[in-house]
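1. give the three-dimensional model of this entry:
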Amino acid sequence: MNQLGFPLISAMLVVPLLGALVLMFIPSTNEKAIKTTTLITTLIVLVMSLPLYFSFVPGAGFQFEENVPWIPGLGINYHVGIDGISLFIVLLTVLLSTIAVLSSWTAIAKQVKAYMVMMLLMETAMIGVFVSLDLFLFYAFWEASLIPMALLISIWGGDRRVYASVKFVLYTFVGSTLMLIATIVVYLHAGTSDLPTLLNSATLPAGTQIWLFFAFALAFAIKVPLFPLHTWLPAAHVQAPTAGSVLLAGVLLKMGTYGYLRFANPLFPAGMAYWAPLLSVLAIIGILYAALVALVQEDVKSLVAYSSVAHMGFIMLGIFSGGFQGTSGAVLQMVNHGLSTGALFMLIGVLYERRHTRLMKDYGGIFAKVPVFGSFFLIAVFSSVGLPGLNGFVGEFTILLGTFMHNRLFAAFATFGIVLAAWYLLTAVRRVMFGPFNPANENLTDMNTREVVAALVLTVFFFVLGVFPNLVFDKVNPDAEALVNATAPQTALVVNQ
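-> Residues are numbered from 1 along each chain as shown. Here you go, the predicted model:
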C-alpha cells in the first residue's frame, strides 16, 4: 500500500546520493559550500520523512510500498516499504544524520569533501536497510553501510583508527557471509527472496530453521553487539570521529536488533524458540558485564561505548523474553537509545574539540564554567539512566514489565543492570562536571549556537517521548502484536519453561 501515490521511500534513498554527486562538483577549497550542501541535503530528507509518520495507518501492514523487478532473471525485486516496527527507526536515522552533520561542522579539518560524501552515502545505506522487504536487497544495503563507516573511522578517526576499522570490518564481514549463505538457502528452498511472500508461504522444516536462524542471528548479534561478540564496539567508538560515533550508536547498532524483528524471528520461528533462551542469557550477561566494565573506564567516550553494549542488551532481552510488551518496548528503546546515546557522544565531541582529551581526570568542576553544556549533558545522562519523565524510563519499564510476566529471574537480573547504569553514568557526571575545579579548564568555552540547536532538538525528544510514549506505541503496537502472535506457537514452549 502506497498512500501517497509517489515513490517517497525511493526519493529518500536517492536524495542523499544526488547530494553526494553535487558535492563532487564543488571545489575542495570551498568547505563552507560543502558543509552547507550536505546539511541542506539531510534536512530535505528529514522533511521528506514526515509524511511517513503522519500518513501511516497503524496495523495496515507494510505501507509506502514500491515493488519493481531488480534482477528479473532470478525473480529478485526492488521491494521497499515500512510498517510500525521500521517507521521510527527510519525517522531516527534521518534525524541523527542531520545531527551528525552539525556535529562535524568544525570537528573535521582534513578532506572535508570526502568526509561529507561518506556521510551522505551512509544515510542512503542506513535508510535502505530499514526499508528493504527483499532479502537480497536488505543484504546489499547492509553491506553498503559497512564501507562508509569503515572509511570514516580509518581516515578521520583517532590514533588507532586503522586497527579499529579493520576489526569492525572483519567482525561484520564474517557475520554477513553467513547471513548471505542462509539467504541463498532460503531463496533456493522457497524460490523467492520477497519477505511478505515468504511470510505467507509454507515454513521451512524446524531443523532447517534452527540453523538458518543461527546464521542470521550471528550476523545480527555482531552488529548489536551481543556479548561476547562486542569487543569491536568500544574500539570503534573511541577511535571514530564524533559523527561516526553518533551514527554507530544511534543507527548502526539498531540494524542488529531490527534484523531479528524483521527477518530472523518471523522467518524462522522454530529457530527463534530454540535459540531464545541462550540469547536472553547472553543479553543479561552483556547488561551486567558491560556495566561493570564501564565502572572502571577512565575515558568518558569508552564509558558511553560500554553503556551502549548494556543498553542494547535490554533491547535484546525485550525481543526474546518479553512477549508483546517486551517487543513493543524494544522498538521504543531502540529509538530512545539512539537519541540519548547519540546525544552523549555528540556532547563528548563538544568537549573534545575544546580540550582534545576524553580522560575524566582532565576535567572536574567545569559545570560552573560551561553551564549550558553541563545542563544538556546532565539531561542526556538522566535520559540514558531512565529517569521517570524522560524517554528512557518508558522503554526500559515496558521491557522489564514484559520480561517479568514471562521470566521473573531474567527481569531481576536486568533490573540490577539499571542500578549499575545509574552508578557509572552519574559517576561520570560527578568526575567531569563537579568536584574541585581543574585549572587546566580555565579557558573552556560553553556551547555555541550550532551546538545548542543540535543538543536542544534531541533534548526535546527526550521529554516528548517520555511524556507521550503513545506517539510511538500507537503505531508500533499492532505490528509488534502481530509479530509476536506469528511466532507464538513455537515460542510458547520456551516462554513457559
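2. helix or strand: which one has the closest residue in space to Ile108 that isn't next to it in sequence?
-> Computed as C-beta to C-beta, 6 or more residues apart in numbering, the closest residue to Ile108 that is not its neighbour in sequence is Tyr115, at 5.1 Å. The C-beta positions use only the backbone N, C-alpha and C, and glycine is treated the same way. Here Tyr115, judged by DSSP states H and E, is contained in helix 112-131.
3. quick check: buried residues in that helix?
-> 112-131 (16 or more other C-beta atoms under 10 Å).
4. do stretch 51-64 as well
-> In terms of neighbour count (16+ other C-beta under 10 Å), stretch 51-64 has its buried residues at 52, 56, 62-64.
5. run through who's touching that stretch.
-> With contacts defined as C-beta atoms under 8 Å, 6 or more residues apart in numbering, stretch 51-64 is touched by 1-4, 8-9, 80-84, 87, 90-91, 133, 196, 474-475, 477-479, 482.
6. do you know the pLDDT at the spatially most distant residue from the centre of the chain?
-> Most distant residue from the mean C-alpha position of the chain: Pro439, 37.6 Å away (C-alpha atoms, centre = their mean). Pro439 carries a pLDDT value of 86.
7. the helix or strand harbouring Ile184 - contacts with which helices or strands?
-> Taking DSSP H and E as the definition, Ile184 sits inside helix 161-190. Applying 3 or more C-beta pairs under 8 Å, 6 or more residues apart in numbering; DSSP states H and E, one finds that helix 161-190 contacts helix 135-156, helix 195-200, helix 206-223, helix 232-239.
8. of all the ones you listed, which one is nearest Thr445?
-> Thr445 sits nearest to helix 135-156 of all the helices and strands packed on helix 161-190, at 23.3 Å, using C-beta to C-beta.
9. so which bits of the closest one are buried?
-> Using 16+ other C-beta under 10 Å as the burial criterion, the residues of helix 135-156 that qualify are 135-146, 148-156.
10. how far does that helix sit from the chain's center?
-> Centroid displacement of helix 135-156 relative to its chain, using C-alpha atoms, centre = their mean, to the nearest Å, is 14 Å.
11. one more: stretch 184-197?
-> Distance, centroid of stretch 184-197 to centroid of chain: 27 Å (C-alpha atoms, centre = their mean).
12. extract the C-alpha set from that stretch and format it as PDB.
-> Provided in PDB are the C-alpha atoms of stretch 184-197 (Å, rounded to 0.1, in the frame of the first residue of the first chain):
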ATOM      1  CA  ILE A 184      20.700 -18.200  -0.600                       C
ATOM      2  CA  VAL A 185      19.400 -21.400   1.100                       C
ATOM      3  CA  VAL A 186      16.000 -19.700   1.800                       C
ATOM      4  CA  TYR A 187      15.800 -18.500  -1.800                       C
ATOM      5  CA  LEU A 188      16.600 -21.900  -3.300                       C
ATOM      6  CA  HIS A 189      14.100 -23.600  -1.000                       C
ATOM      7  CA  ALA A 190      11.200 -21.100  -1.500                       C
ATOM      8  CA  GLY A 191      12.000 -19.800  -5.000                       C
ATOM      9  CA  THR A 192      11.700 -16.200  -3.800                       C
ATOM     10  CA  SER A 193      13.500 -13.700  -1.600                       C
ATOM     11  CA  ASP A 194      10.500 -11.400  -1.100                       C
ATOM     12  CA  LEU A 195       9.800 -11.100   2.600                       C
ATOM     13  CA  PRO A 196       6.000 -10.800   2.500                       C
ATOM     14  CA  THR A 197       5.800 -13.700   0.200                       C
END
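13. tell me who's in contact with Val350.
-> Contacts of Val350 by C-beta under 8 Å, 6+ apart are 103, 373, 447, 451.
14. would you turn the residues you listed into JSON lines with pLDDT, neighbour count and distance to Gly392?
-> Compiled in JSON lines, the contacts of Val350 are given as follows (pLDDT from 0 to 100; neighbours: other C-beta atoms under 10 Å; distance: C-beta to C-beta, whole Å):
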{"residue": "Ser103", "pLDDT": "89", "neighbour count": "29", "distance to Gly392": "21"}
{"residue": "Phe373", "pLDDT": "93", "neighbour count": "23", "distance to Gly392": "20"}
{"residue": "Met447", "pLDDT": "90", "neighbour count": "23", "distance to Gly392": "22"}
{"residue": "Glu451", "pLDDT": "92", "neighbour count": "22", "distance to Gly392": "22"}
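15. farthest-separated two in the residues you listed?
-> Farthest pair in the contacts of Val350, by C-beta to C-beta: Ser103 and Phe373, 13.5 Å.
16. right, and Ala305 touches Pro234 too?
-> Yes: with contact defined as C-beta atoms under 8 Å, Ala305 and Pro234 form a contacting pair (4.4 Å).
17. so those two - more neighbours on which side?
-> A direct count of neighbours by other C-beta atoms under 10 Å for Ala305 and Pro234 places Ala305 higher, at 28 against 24.
18. can you tell me the closest non-neighbouring residue to the more buried one?
-> Nearest one to Ala305, counting by C-beta to C-beta, 6+ apart, is His237 at 3.7 Å.
19. I figured the one you found hits Ala249, correct?
-> Yes: in this structure His237 lies within contact range of Ala249 using C-beta under 8 Å: 6.9 Å.
20. the more surrounded of those two?
-> The neighbour count for His237 versus Ala249, taken as other C-beta under 10 Å, is higher for Ala249 (29 against 25).
21. just say helix, strand or coil for Val15.
-> For Val15, the secondary-structure state derived from DSSP: H, G, I helix; E, B strand; the rest coil is helix.
22. for Val68, same thing?
-> Assigned by three-state DSSP, the conformation of Val68 is strand.
23. what's across from it in the sheet?
-> Tyr78 (DSSP bridges).
24. how near is it to Asp134?
-> Remark: distance between Val68 and Asp134 (C-beta to C-beta, to the nearest Å) = 11 Å.
25. which residues do the two both contact?
-> Jointly contacting Val68 and Asp134 under the rule C-beta under 8 Å, 6+ apart are 77-78.
26. buried ones in the helix or strand hosting Tyr53, by neighbour count?
-> Element membership for Tyr53 (DSSP H and E) is helix 31-54. Neighbour-count burial for helix 31-54 flags 31, 34-35, 37-39, 41-42, 44-46, 49, 52 (criterion: 16+ other C-beta under 10 Å).
27. which helix runs longest in the chain?
-> Longest helix in the chain by number of residues (criterion: DSSP state H): helix 323-355.
28. and the very next helix or strand once past that one, what does it pack onto?
-> Using DSSP H and E, the helix or strand that follows helix 323-355 in sequence is helix 371-385. In terms of contacts (3+ C-beta pairs under 8 Å, 6+ apart), helix 371-385 is packed against helix 323-355, helix 391-406, helix 408-433, helix 449-467.
29. who touches helix 371-385?
-> Contacting residues not belonging to helix 371-385 are listed as 307, 311, 336-337, 339-341, 343-344, 347, 350-351, 366-367, 390-392, 418, 421-422, 425-426, 428-429, 432-433, 446-447, 452, 455-456, 458-459, 462, 466 [C-beta under 8 Å, 6+ apart].
30. go through it and flag the buried ones.
-> Buried, per 16+ other C-beta under 10 Å, within helix 371-385: 373-374, 376-377, 379-385.
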